[in-house]
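Enquirer: using only what follows, build the 3D model:
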Amino acid sequence: MQATTFIRANISKLYAFWFFHNLVFAYVIERLFWAGRGITIPQVVYLEILYSVVVFLLEVPTGALADRFGRKPMMILGAVFSFGEMLILTYAWSFGAFACAIIVAAVGKALLSGTSNALFYDSLAAIDRCDSFEQVLGRNSLGKRLAGAIAALVGGLIAERHPLVSTYQLSMVSLACSFLTALSLVEPQRHVTTEKPHTVFYVKTALSFLRGRKDVLLILLHGIVMAAVTIYVDEFWQVYLKETGVAVAYFGVFSIAGSFVSGAGAFLAHKFKHCAVDRTLVVLLLIWAGAAFAAAGLHSLLGIAFLLLAYLVSGIAEPLVSGYLHRRAASEFRTTVESFQSLALRAVAALVGLGFGWVAAVFSVFGGYLFLGVLVVGYVIFWPWRRRKGALFPGRRRSMMSMPEHSDVSHAGRIGTAG
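Expert: The predicted structure follows:
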């Protein structure tokens, strides 16, 4: 009973962990701080590339480590590296020092990627509350966005009255709190193999699982497409607002609105989990495409409202995809599978970015959003055609929602099977 109580507390502790982890007051003035320390715009681009490369290389290996050695150690290490990033940036005055901070940040990102969701699910499974997974993820997403909004407002006020470095120093306090929270987490008992296989084993079994569960693969692909196109709404909304004629003073209002709308979508996602997830995601993708078309054609406040609609549907999609995956993947390789998802997302996002960047440069940001909408519609058209051809569902096809969910008890000792 006592152990169950401690594990149940994991949910609240993970909420707190991510709240403090996102309560970073420095992000709102990050570019100003970097410029004040001598980092030029081309150097910022180089550092962004360095960050992406490091995360790309470590994404799957760190996921496999989380499956092999446990979620809690990875959460603790991730918190340590996040704190280290802020500490290095506080004293950074050269490109090399900033590069070191970015590498540390990338390692922390890779360590936490997928680990938190796996720990959420393992904790819920231990107290027989797996049915609440999407709802829990939605609440966590809302909490993270609330922390980001608070940090942006407070960070701006601090930066106006004090040196910019003060926001980094205060952020270290928040990240120290996330570290202390990680220390208090409890590792739920998982069904793992007794022979303690090599880390490569987890990579192979995760790949075997994905090859055997084409339904999971397709749901992940839907989620990856949704996330990949939303990235460029998130990256370039400032340009859109500027081209629409919105004063810079109101940019913060949109930023907060976007965060809360996305969080609200995640919070409501559990209401859709009993629907056919594949069809629900396709409908969400079509709504997203319609919002992109409207935003591209309406150079007004109404167009901005459609950008918020895009945030809303993407917020709904993320917990649905995670819930579908975690209900079907065994705890032995759950984090590794999600790491593969994150890895694929980065690759797809890079390809989408090449097209978006070219169109936006030749035409405008409105043309870029039109390109994203066309891309999503093209994907949705391509998806049923591929199903009819049987490319994604070779042999005898079954309804995806009829595919069995994973049971850690019934599947113990059969990791990597189709299930």
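Enquirer: gap between A292 and G303?
Expert: 10 Å (C-beta to C-beta, to the nearest Å). To be clear about C-beta, it is placed using only N, CA and C from the backbone, and glycine gets the same treatment.
Enquirer: these two - which one has more neighbours?
Expert: The residue with more neighbours, out of A292 and G303, is A292; 28 against 20, by other C-beta atoms under 10 Å.
Enquirer: go ahead and confirm that one touches Y369.
Expert: Yes - if you go by C-beta atoms under 8 Å, A292 and Y369 touch, sitting 5.0 Å apart.
Enquirer: which neighbours do these two have in common?
Expert: Residues touching both A292 and Y369 by C-beta atoms under 8 Å, 6 or more residues apart in numbering: V233.
Enquirer: next up, the contacts around I102.
Expert: L47, L50, Y51, V54, E85.
Enquirer: find the nearest non-adjacent residue to the second one, please.
Expert: What it means is L50. I102 (5.5 Å; C-beta to C-beta, 6 or more residues apart in numbering).
Enquirer: quick one: what helix or strand has that neighbour in it?
Expert: Assessed by DSSP states H and E, I102 sits inside helix 95-112.
Enquirer: centre of the chain versus that helix, how much separation?
Expert: On the basis of C-alpha atoms, centre = their mean, to the nearest Å, helix 95-112 is displaced by 18 Å from the centre of the chain it belongs to.
Enquirer: toward the C-terminus, what is the element adjacent to it?
Expert: Trace forward from helix 95-112 with DSSP H and E and the next one is helix 115-126.
Enquirer: and that following helix, what does it pack against?
Expert: On a contact count with 3 or more C-beta pairs under 8 Å, 6 or more residues apart in numbering; DSSP states H and E, helix 115-126 meets helix 2-22, helix 41-69, helix 71-90, helix 133-161, helix 301-328, helix 334-362.
Enquirer: ok, and the most crowded of the contacts of I102?
Expert: Sorting the contacts of I102 by how many neighbours each has (other C-beta under 10 Å) puts E85 first, at 26 neighbours.
Enquirer: residues contacting the residue nearest to that one when sequence neighbours are not counted?
Expert: Leaving out its chain neighbours, the residue that sits closest to E85 by C-beta to C-beta, 6+ apart is A105, at 4.1 Å. Taking C-beta under 8 Å, 6+ apart, we find A105 in contact with Y51, F81, S82, E85.
Enquirer: likewise for L286?
Expert: L286 makes contact with V376, V377, V380 under the criterion C-beta under 8 Å, 6+ apart.
Enquirer: are any of the residues you listed buried, and if so which?
Expert: V376, V377, V380 (16 or more other C-beta atoms under 10 Å).
Enquirer: any idea which of those is closest to A227?
Expert: Using C-beta to C-beta, V376 comes nearest to A227 of the buried ones among the contacts of L286, at 11.7 Å.
Enquirer: ok, that closest one touching V283?
Expert: No - using C-beta under 8 Å as the test, V376 is too far from V283 to be in contact (11.9 Å).
Enquirer: how about G155, nearest residue that isn't a chain neighbour?
Expert: Once flanking residues are discounted, G155 sits nearest to F25: 3.5 Å by C-beta to C-beta, 6+ apart.
Enquirer: just checking, the one you found touches L153?
Expert: No - applying C-beta under 8 Å, one finds F25 not in contact with L153, separated by 9.3 Å.
Enquirer: quick revisit: out of the contacts of L286, which sit inside strands?
Expert: Judged by DSSP state E, strands contain none of these.
Enquirer: just the closest of these to F272, please.
Expert: Of all the contacts of L286, F272 sits closest to V380, with 17.6 Å by C-beta to C-beta.
Enquirer: let me see the contact set for that closest one.
Expert: V282, L285, L286, A289.
Enquirer: kindly report the same for S171.
Expert: L23, V24, F25, A26, M86, A151.
Enquirer: still on that earlier bit, including distance to K271 and pLDDT, could the buried ones among the contacts of L286 go into TSV?
Expert: TSV is the format used below for those (distance: C-beta to C-beta, whole Å; pLDDT from 0 to 100):
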residue	distance to K271	pLDDT
V376	23	91
V377	26	91
V380	23	87
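Enquirer: need the nearest residue in space to L345, chain neighbours excluded.
Expert: Once flanking residues are discounted, L345 sits nearest to I224: 4.9 Å by C-beta to C-beta, 6+ apart.
Enquirer: for the one you found, give me its contacts.
Expert: Q341, A344, L345, V348.
Enquirer: number of residues surrounding the third one?
Expert: L345: 19 surrounding residues under other C-beta under 10 Å.
Enquirer: surely it is in contact with A228?
Expert: Yes - judged on C-beta under 8 Å, L345 makes contact with A228 at a distance of 6.2 Å.
Enquirer: neighbours of the nearest residue to F272 once chain neighbours are set aside, how many?
Expert: Spatial nearest neighbour of F272, chain neighbours left out: T280 (5.3 Å); criterion: C-beta to C-beta, 6+ apart. Neighbours of T280 under the rule other C-beta under 10 Å: 18.
Enquirer: with pLDDT added, can I get the contacts of I102 in JSON lines?
Expert: Below are the contacts of I102 laid out as JSON lines (pLDDT from 0 to 100):
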{"residue": "L47", "pLDDT": "78"}
{"residue": "L50", "pLDDT": "82"}
{"residue": "Y51", "pLDDT": "81"}
{"residue": "V54", "pLDDT": "84"}
{"residue": "E85", "pLDDT": "92"}
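Enquirer: nearest spatial neighbour of G368, chain-adjacent residues omitted?
Expert: In space, G368 is closest to A360, 3.4 Å off (C-beta to C-beta, 6+ apart).
Enquirer: nice, that's everything, thank you.
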